[in-house]
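[1] Just the structure for this:
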Amino acid sequence: MPSIPSYKMDQETKYELLHSMLFIRLVEEKIAEKYSENQMRCPVHLSIGQEAIASGVCAHLSPNDKLISAHRSHAHYLAAGGDLKAMLCELYGKIDGCAKGKGGSMHLIDLEAGLISAVPIVGSSIAIGTGVAWSNRIQKLDGIVAIFLGDGATEEGVFSESLDFAALHDLKVLFVCENNHYSVYTHISERQHSKRSICDIARAHGITSFSAEGNEVVEVYDLTKEALSFMNDNACPVLVEFSTFRWREHCGPNWDDDLGYRKDGELKNWMDKCSIKSLRDNLGISDTRYLNLVNELNEMILDAFKHAESSQFPNESELVSDVYA
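    Numbering: from 1, shown residues only. Prediction:
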């Protein structure tokens with residue numbers, strides 16, 4: 001594995017990453033708070049606790065790059081510069097949604113933001129993203145394709161098939177594995193052999209792989225920078241794996257540590273490694289400045305929710321629009 005240089009990140013970039021992570025956190029906390037009102041009628045998979053990966057990776061994406069996500073997609077969409085009002089309208093099933101209210105949380109799409117699709121079927125985003133990269137290759141288009149996937153998706157056959165195809169054709173794909181150690185209620189140790197390595201599987205297919213702590217956004221940012229540099233220098237796919245942890249339930253707005261499927265203290269240990277708190281402490285931001293930032297973001301978020309709540313539902317004609325056979 002190539003060595004990872006240590007970049008000296010400037011304070012402005014650190015602040016931008018803090019802003020991105022905090023924005024995602026506050027949006028999803030507000031979704032969790034308002035979900036019980038029963039106006040968002042789609043399932044929601046929250047990334048609270050995992051924000052550093054979306055922010056650190058997407059900070060490197062250019063307008064020519066494309067993004068594919070899965071069911072836990074809010075963070076990727078927002079970190080890539082997606083429209084918050086369009087995303088919330090989609091969760092509320094409204095016509096102003098990024099998929100015209102037809103898809104909901106797990107089917108976000110916004111071509112202007114570079115989000116080709118978010119697809120909930122586990123592993124399907126991997127093949128779709130690889131196909132997008134193949135299309136780029138055929139059309140001789142610039143840019144890379146970033147595919148976000150979870151550790152559970154690496155257990156699907158399409159993972160190995162896509163790795164093989166991407167390596168065979170030297171596609172410019174960045175496979176981003178967010179390893180949060182759980183597939184619903186089942187820990188990775190109960191699903192995968194202790195000697196099984198996601199990075200080693202990629203290397204066996206000829207794909208250079210990197211791994212790092214996913215709760216340190218500076219480390220995520222630096223690793224992604226190095227991975228993309230390697231990709232561009234060698235015109236080849238790359239896989240990055242980040243260790244992280246979701247704080248709330250697999251699907252839904254609630255806390256579920258009382259169910260007992262996680263070891264005692266495991267959630268607290270990960271919460272103590274909160275990427276937002278870590279970076280805030282690193283920057284030395286005062287309580288006053290931080291509170292002002294929180295208030296500023298919350299005001300913008302509340303305005304977006306009001307827009308979503310007052311927006312109109314699609315009319316019947318939309319049932320057959322954008323449908324292809």
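
[2] Give the burial count for Ile95, as a bare number.
    14 (other CB atoms under 10 Å). For glycine as for every other residue, the C-beta is placed from the backbone atoms N, C-alpha and C.

[3] Thought Arg72 was touching His45, still the case?
    Yes: in terms of CB atoms under 8 Å, His45 counts as a neighbour of Arg72; the distance is 4.2 Å.

[4] Settle it for me: which of those two has more neighbours?
    Arg72 (24 against 20).

[5] and Thr130, what is it in contact with?
    Val145, Ile147, Ser162, Phe165, Ala166, Leu171, Val173 (CB atoms under 8 Å, 6 or more residues apart in numbering).

[6] can you do 10 Å?
    By CB atoms under 10 Å, 6 or more residues apart in numbering, Thr130 lies in contact with 68, 145, 147, 158, 161-166, 169, 171, 173, 175, 237.

[7] cool, Leu111 as well?
    Lys66, Cys98, Ser117.

[8] tell me the secondary structure for the second one?
    Looking back up the chat, that one is Cys98. Put simply, Cys98 is coil when judged by DSSP: H, G, I helix; E, B strand; the rest coil.

[9] Likewise for the last one?
    Three states are possible here, and by three-state DSSP the one that applies to Ser117 is strand.

[10] What is the burial count for it?
    22.

[11] That one bridge partners, please.
    Ile68 (DSSP bridges).

[12] how close does it get to Leu61?
    Separation of Ser117 from Leu61 (CB to CB, to the nearest Å): 16 Å.

[13] How about Leu174?
    From Leu174 to Leu61 the distance is 9 Å (CB to CB).

[14] Give me the common contacts of those two.
    Leu67, Ile144, Ala146, Thr224, Leu228.

[15] residues in contact with the nearest residue to the second one once chain neighbours are set aside?
    With sequence-adjacent residues excluded and distances taken as CB to CB, 6 or more residues apart in numbering, Ile144 is closest to Lys172, at 4.5 Å. With contact set as CB under 10 Å, 6+ apart, Lys172 has these partners: 65, 133, 136-137, 141-145, 166, 228, 231-232, 234-238.

[16] So which of those belong to strands?
    Val145, Val238 (DSSP state E).

[17] Can I get the buried part of the contacts of Lys172 as one ChimeraX selection?
    Listed next is the ChimeraX selection for buried residues among the contacts of Lys172, using 16 or more other CB atoms under 10 Å:
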select :65,133,136,143,144,145,166,228,231,236,237,238
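
[18] which residues of the protein fall in strands?
    66-69, 115-118, 145-150, 173-179, 182-183, 186-187, 208-213, 238-243.

[19] Setting aside sequence neighbours, what's the nearest residue to Leu18?
    Distances taken as CB to CB, 6+ apart place Leu279 nearest to Leu18, at 4.9 Å, with adjacent residues excluded.

[20] tally of neighbours for the one you found?
    Other residues close to Leu279 by other CB under 10 Å number 21.

[21] is it true that it touches Lys273?
    No: counting by CB atoms under 10 Å, Leu279 does not reach Lys273; the two are 11.5 Å apart.

[22] on that earlier part again, mind checking which of the strands of the chain is nearest Ile31?
    For these, proximity to Ile31 was assessed by CB to CB; strand 115-118 is nearest, at 15.2 Å.

[23] How far does the closest one sit from its chain's centre?
    11 Å (CA atoms, centre = their mean, to the nearest Å).

[24] where are the low-confidence patches of the stretch 1-150 of the chain?
    The model of the stretch 1-150 of the chain has pLDDT under 70 over residues 1-8.

[25] repeat that for 90
    Along the stretch 1-150 of the chain, segments meeting pLDDT under 90 span 1-9.

[26] now the stretch 201-325 of the chain
    For the stretch 201-325 of the chain, the stretches with pLDDT under 90 are 316-325.

[27] What segments of it are helices?
    For the stretch 201-325 of the chain, applying DSSP state H, counting those that start in this stretch gives helices covering 217-234, 266-271, 275-283, 287-310.

[28] okay, these in a markdown table with distance to Leu84 next?
    Formatted as a markdown table, these follow (distance: least, CB to CB, whole Å):
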| stretch | distance to Leu84 |
| --- | --- |
| helix 217-234 | 20 |
| helix 266-271 | 25 |
| helix 275-283 | 18 |
| helix 287-310 | 5 |
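
[29] which one of these lies closest to Glu29?
    Of all those, helix 287-310 comes closest under CB to CB, at 9.2 Å.

[30] So for the closest one, what gets flagged as buried?
    Leu293, Leu297, Ile301, Ala304, Phe305, His307, Ala308.

[31] any idea how far Trp247 is from the most centrally placed residue in the chain?
    Closest residue to the average C-alpha location of the chain: His76 at 3.6 Å, with CA atoms, centre = their mean. His76 is 17 Å from Trp247, where distance means CB to CB.

[32] Understood, closing this out.
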